[in-house]
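K.L.:
Starting from these lines, generate the structure:
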Amino acid sequence: MTNPTTNLEEAGTNSGAGKEITANSTGAWARWKEKHESTLRDIRLSIHLFIKSPLSILGLAIVGTFIIVALIGPLIVPFPDDATGTIHMSQKLLEPDSTFWFGTDELGRDIYSRVILGTRISLKIGLIIILIAMGIGVPLGITAGYVGGWMGEMIMRITDMFLSIPGRIFALAIIGAMGPGMTNSMIALSIVWWPGYVRLVQGRTLSVKEESFVEAARSIGARRARIIFHHILPNCSSVILVKASMDMGMAILAAAGLGFIGVGAQPPTPEWGAMISEGRNFLPDWWWYATFPGLAIFTTVLGFNLLGDGLRDILDPQSRG
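P.N.:
Residues are numbered from 1 along each chain as shown. Prediction:
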């Protein structure tokens, strides 16, 4: 038979151990909170500043909706095959109704399905352009600002040379050499986009490297790589994030512009600029063909611009005053 006294002792031991674990967890949380109190205060202040701006919240809502639609788009469209070369001539150029919310095009394809599926393409285009531009521009900007010397001068003169050429014209020249297509248009826009990051990061690095904490790290013999990755880059991240958030919408707009003139994404890819280019031939009678892709571009670019403005107000200390 089980001894009741033994059971009571075991229960008491387990209860004591549980209280000890709870106390340790509470103590660890208190120590962590005390250690990161400054960071938590900055986060609370940032959230407060962001909430005070209705336009920033609107931008966040638009961008959040854009990302969600891009991720789940194929699951929510009624006619996913209309993103390919499917043809339904019996239902061409139908007005918007309960079946075809945005109407149909000259091949009978559902414009709503193509606009929603084009969201993922636009997100892909914007991310690739910005990530490549940042991958080139940020390291070069830090090198030019922190290392300086002949290397910095060479980087900045090359950057100035790229900045002196109008971006769209340069992109068209690159596409003319490589051939039209969505991939080539993303490569071309990435090539003309990185100089902006070099100029921005170089100026920020020149300012940060004169700060006392960088001088202190250098005086105790910290290696150059450690100073760059632990001090310079984190203090450049705020301006990079703000620029990237605003550039995202502009990159989508630039890619749509290339698609509009026929050198970007090619039919039947449901890219918004290409859809507007096809739909302009049917204006004004079949207005829905070009209107809804245009509204998608307008809303997306507006959302990223509003979000970028909100992030700038939070992350740029000078804008708070």
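K.L.:
what does the domain assignment say about this protein?
P.N.:
1-34, 36-320 (automatic domain parsing).
K.L.:
lowest-confidence stretch among these?
P.N.:
The weakest mean pLDDT among those belongs to domain 1-34, with a mean of 56.
K.L.:
Double-check that Ser98 belongs to a strand.
P.N.:
No - assigned with DSSP: H, G, I helix; E, B strand; the rest coil, Ser98 falls outside any strand and is coil.
K.L.:
what separates it from Val69, distance-wise?
P.N.:
Using Cβ to Cβ, to the nearest Å, Ser98 is found at 20 Å from Val69. Every C-beta, even on glycine, is put in place using the N, C-alpha and C of the backbone.
K.L.:
Look at these two and report which has more neighbours.
P.N.:
Val69 (20 against 5; other Cβ atoms under 10 Å).
K.L.:
Secondary structure element for the more buried one, which one?
P.N.:
helix 54-76 (DSSP states H and E).
K.L.:
Show the contacting residues for the closest residue to Gln91 other than its chain neighbours.
P.N.:
Nearest residue to Gln91, sequence neighbours excluded (Cβ to Cβ, 6 or more residues apart in numbering): Gly108, at 4.3 Å. Neighbouring residues of Gly108 by Cβ atoms under 8 Å, 6 or more residues apart in numbering: 87-92, 94.
K.L.:
so which pair among those residues is furthest apart in space?
P.N.:
Pairwise distances across the contacts of Gly108 (Cβ to Cβ) peak at 14.1 Å, for the pair Ile87 and Leu94.
K.L.:
Comparing those two, which residue is more hemmed in?
P.N.:
Under the neighbour definition other Cβ under 10 Å, Ile87 and Leu94 were set side by side, and Leu94 has more, 18 against 13.
K.L.:
How about the secondary structure of the more buried one?
P.N.:
coil.
K.L.:
hmm, back to that, of the contacts of Gly108 - the most surrounded one?
P.N.:
Leu94 (18 neighbours).
K.L.:
How about it: what's its closest non-neighbour residue?
P.N.:
Closest to Leu94 by Cβ to Cβ, 6+ apart is Thr104, at 4.5 Å.
K.L.:
likewise Met186?
P.N.:
In space, Met186 is closest to Ile128, 5.1 Å off (Cβ to Cβ, 6+ apart).
K.L.:
so where does that neighbour fall, helix or strand?
P.N.:
Short version, using DSSP H and E: Ile128 is in helix 111-142.
K.L.:
Who are the packing partners of that helix?
P.N.:
helix 54-76, helix 182-208, helix 233-260, helix 272-279, helix 288-315 (3 or more Cβ pairs under 8 Å, 6 or more residues apart in numbering; DSSP states H and E).
K.L.:
Comparing those, which comes out most buried?
P.N.:
helix 272-279 (a mean of 24; mean count of other Cβ atoms under 10 Å).
K.L.:
Could you check how far it is from the centre of its chain?
P.N.:
23 Å (Cα atoms, centre = their mean, to the nearest Å).
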